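**Q** Got a predicted structure here, sequence first:
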Amino acid sequence: MITSRVTHDGPGEADLRYFKLYKVLVTEGRNTLYLIFLWGCNRDLTKSLKQNLIDKGLTKRDFKNMFRDSTMRDKIDSNPSGDEFDIALLYACIENTCINLAPKGQDDWIAGDNTKLESVCKSIKNFRNEFIHSPPSIPDDGEMNTILQKLQEHLENAIKLGGDYYGRQSEVDNNIQLMRDNIAKIMNSVSLDIDSIHRYQNELKELRSKQKNIVCETGKNELFSKYKNLSKVDPASFISGRNTLQVSKVFTRLEVARNQVNNASYSEDVDYETLLELRTEDGSMPVITLVEGEAGAGKTTLAKLILDKWMSLKTSGISHTFHGLHNYDLVLYTEARNRNISSFIALLSVLMSQASYNLHDEDLLRSVLDLKVLLILDGLDELNTASKKLLKELFDKHVPRSNGKLRLLITTRPNMLPEIPSLLHNQLRVHTRLKGITQENRVEFIRKLHEEMINNKQSIQSTEKLVDFMKQSETRLSEHFRLPLNLTLLTYLWASDPDHVNSLTTATDLYISLNKLIKSRLLTRLKENNGVVTLPSDKLEEKCDEFLKTLYQVSLETHSLGHIQLSFESTKILRDKCKELELPCDDMFSAFLAVENEWTAYGYKSDLFVPHKSIMEFYAANKILFYLTENNDEEAVQKAVQDMGQKLNVSQEMLESFQASILKEKKTHKSLKDAMKNLGIDLNSVKLSDYQNVFLHLSGLLAHKYSTVLEKYAEELVDLLKNAKLKEAQWLDLVVETKCDDKMAALIAHEIKLQLVVRDGHTGAALKMFDYLEPNVPVQIILENEVRYIPQLNELLDDLSRRECFVQLILKHQWKHNQYGTSDSLLQRLVNETGNSECRVSHFTGNLRSLAEIPVTITHLRITLVNDKQATVICEELIRLVKKQKLDYLGVHVMKEVSPKALIPLPVVKAKVNECGTLWLSDVKDDQVDKACVVIRALLPPQGQYQSIMFPRSSIHVNKCEELLSELARLEVRVKDKGGIRLSSPAIDNNRLYELKELAHQKLNCEFYCSDELSMW
């Protein structure tokens, strides 16, 4: 416990020693930092610092964020010169306003380096905070002099370095001598006057009383302030030029799968709300929750939603989203691309600067690590030297020191997975994968997003027309539209002009349309600008295209460095290009880039970012596209040579000779690797997986407009993507992106060996693949949408029936719903009248009138019972089917229209354990629980058991869940011990869920889950 050094009987000798040192600290320590502040911050001393900074352009909001402590702001207002500022406030002023110093958060600000002014100022600040909050024992004058010497060395060093940094060398000696004289007066005094002692006692008491609340209150409030804007997310805001949208208002459920750390082939769907409660395979609480997802899958959106919900939880006590979030006292957030933060104390100093001003670094670290902390590290695939150092420090020091209180949630693209074990020091972790937005939730996503855009005056279009468009187009849009980023861009295109989206079928189409929209808006804006208004439209467009070429070049270079923020050199290249083209920089930058303004001692510094890594890769692919097409465009070469000849006044004969030699060289086919090397990237010495999306975009761009060039490079593109670890499931997406190009399809067919997975947007691509695919490669068809809207489906099934392969036909919409007919005719296309065909249907999921079309090759069957008549027929036929052929798996979905009297027991499909399969009962409400129990009992064979019982689309409250479990037990329903009962109900909180789990074990000896809707289907 911290106490004053003053004894109850009045100040003793040890107390006087302490107060002498304290006086040195608050006079000469303060004077030294004030001197640095005067030298380093050029300002009008008759005006407050606030007014000086506002005059330089600082916004009032940023000033408040800079000085979160209201007492600091009051002192700044009342003392314009700053000669009464204390050490903490002076340090804050130096860090935020003095020139020639490193950016806040960099290693220069870590105490201990006597060659850096930043570090020495930090040491003085730390000395002050430690001296106040952890007062030393000073039993004799020798100890006092040792402490004084350490302090005096810091002060003298600061003055010397300040003189060097600010060209005040001539003033250094006098200031050091004055400081020494003042210290000598204080230390040589026999005693301190009683008034000074009482004043110092009161100061210390006040300062120490604040320490308790510094991290938990001051630090948390500062986090809230920073996260308020950070929890807004929208990679398309650069299109609208408006503020971003609040993440909680547009977020839609994401599809999440869990992978086993040591078994990459294992995957199970999990509810994203349970992300923070997932445990390792052995039941341990992990140090790290890893969230993998491809570009645009929603990783950053998910991270920012956690921030938003944590703030809601801590301010209102309400958060229905993430289980376990309430356990964390602090949630910290940083991005792996941040080049300024390389240590944990630097991160804390940036996120909680006010706390850092008032605490010694070690005290701040200890205070934070005594709390339960979740640290979110976003974008591990953008790791740099600084963030790699931060990670190492976390795992070497702070994770062990925290005794399990510090946990990390880390997001990454798949290309980093091979490096995860070494980067994360083999810490205990769970591995999850974002798959995007489910087909059922995509309409909800665009509806919420567009409505919020309307509320923010970013659209005047009809949301319902957008929803209608989405419903009608889902079956032709490629699988890339499961990604939140692409759906966001699609919605923005619709908001600007619905005609922009009518013909979209691929992700490449989307990005090309987006670029056209941005350029069109830019040209309109430039024509209204007096500086360029005199240019004809075609000339203005040419200038914009020239700027874009430079932007694409810069983007490729930036991507090759693993960055998303443009360097100073890259920004200068773009500025110089604008100057050369006589185009306004601000307009050009805001059109194609995101601008982030950061305050420095020199004013605001604008950092340029590409709005999203996927857009960066699209820009980079365009640079490669221009290089390849310009080297294959004879007409462009001839024009360039003629233009050069006119400028240089060269004879026609010489021009023709020069032109012939260039064309001869260009006709010599160069490989894509050679082209990349000419662009500064040696593909033999880089990690190819980092360029996977670039090559995917390049393939789509070539197919869009340059099919002959695509043909030249098709083989190499496929080979590069193979070496870039493109997953087998992604190859069919590439066929779609390249407009079913024959050569690409033929090459891709050789890469698909295990299984061809065909989804809603793949039917045309799959048909093309059948021309080249080995006839025995298994085919899995998974259709989420209503089948009548899926183009070329009948043709696909007809062709498939003639292939000698195993087939899985999974018709999810008809399996879940009954309003759009049955699947009999579709299954019949795969099977001839004798129940046989060249293809062998092994799995079927859907809705049938009867089982007459079920072939003898079926091993896995999921069937829906929709009404009494059909249910009776199917149940009877199931018994005959199982007697005739072996089923490895049976799943039955019972809809609410089916009554118990229409049902007979299901057949046993696993005789060893007397198991009849899994049962789904949909749309069960509280008043239907009794009926559900009777249905479950009616379908159970004698002495049989279910593998699992599912209640999708259910709404059952806790008391009814208790009745459900008790009634099933009374009816002697048995559920496999490793299976369980699963339902979706937002009305069940974690505490009640635990009680229900216990009851399920007690009554039925099985598991009980309350889970995401998706994981049940």
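**A** That came through fine.
**Q** what ranges do the strands span in the stretch 751-900 of the chain?
**A** Counting by DSSP state E, counting those that start in this stretch, one finds strands in the stretch 751-900 of the chain at the ranges 756-758, 779-783, 806-811, 840-846, 860-865, 889-894.
**Q** For the fourth one, the averaged confidence score.
**A** Taken as a whole, strand 840-846 has a mean pLDDT of 94.
**Q** Same question for the second one.
**A** The average pLDDT for strand 779-783 rounds to 94.
**Q** got the buried residues for that strand?
**A** By neighbour count on 16 or more other Cβ atoms under 10 Å, the buried set for strand 779-783 is 779, 780, 781, 783. For the C-beta atoms, the positions are set from N, CA and C on the backbone; glycine is no exception.
**Q** Work out the gap between it and the centre of the chain.
**A** 29 Å (Cα atoms, centre = their mean, to the nearest Å).
**Q** swap in the first one?
**A** Here the centre of mass of C-alpha atoms in strand 756-758, compared against the chain's by Cα atoms, centre = their mean, lies 28 Å away.
**Q** And the contacts of that strand?
**A** For strand 756-758, contacts defined as Cβ atoms under 8 Å, 6 or more residues apart in numbering pick out 729, 732, 766, 769, 773, 777, 778, 779, 780, 781, 782, 796.
**Q** since we're on the last one, how many residues are nearby?
**A** I take that to be residue 796. Neighbours of residue 796 under the rule other Cβ atoms under 10 Å: 21.
**Q** what's the closest non-adjacent residue to residue 626?
**A** Spatially, and ignoring its direct neighbours in sequence, residue 626 is nearest to residue 549 (6.1 Å; Cβ to Cβ, 6 or more residues apart in numbering).
**Q** Torsion angles phi and psi at that neighbour?
**A** Torsion angles at residue 549 (phi, psi; degrees, to the nearest 10) stand at phi -60, psi -40.
**Q** Tell me how many other residues surround it.
**A** Residue 549 has 16 nearby residues by other Cβ under 10 Å.
**Q** likewise residue 912?
**A** 6.
**Q** got it, and residue 679?
**A** Residue 679: 15 neighbours (other Cβ under 10 Å).
**Q** rewinding a little: how about the contacts of strand 756-758 in a markdown table, adding distance to residue 73?
**A** As requested, these are exported to a markdown table (distance: Cβ to Cβ, whole Å):
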| residue | distance to residue 73 |
| --- | --- |
| 729 | 56 |
| 732 | 59 |
| 766 | 65 |
| 769 | 66 |
| 773 | 69 |
| 777 | 69 |
| 778 | 68 |
| 779 | 68 |
| 780 | 63 |
| 781 | 65 |
| 782 | 59 |
| 796 | 68 |
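**Q** related to what we said a few turns ago, I'd like the strands of the stretch 751-900 of the chain as TSV, with distance to residue 958 appended.
**A** Converted to TSV, the strands of the stretch 751-900 of the chain look like this (distance: least, Cβ to Cβ, whole Å):
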stretch	distance to residue 958
strand 756-758	40
strand 779-783	35
strand 806-811	34
strand 840-846	32
strand 860-865	28
strand 889-894	23
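**Q** Select, out of the ones you listed, the one closest to residue 292.
**A** Nearest of the strands of the stretch 751-900 of the chain to residue 292, taken as Cβ to Cβ: strand 756-758 at 19.0 Å.
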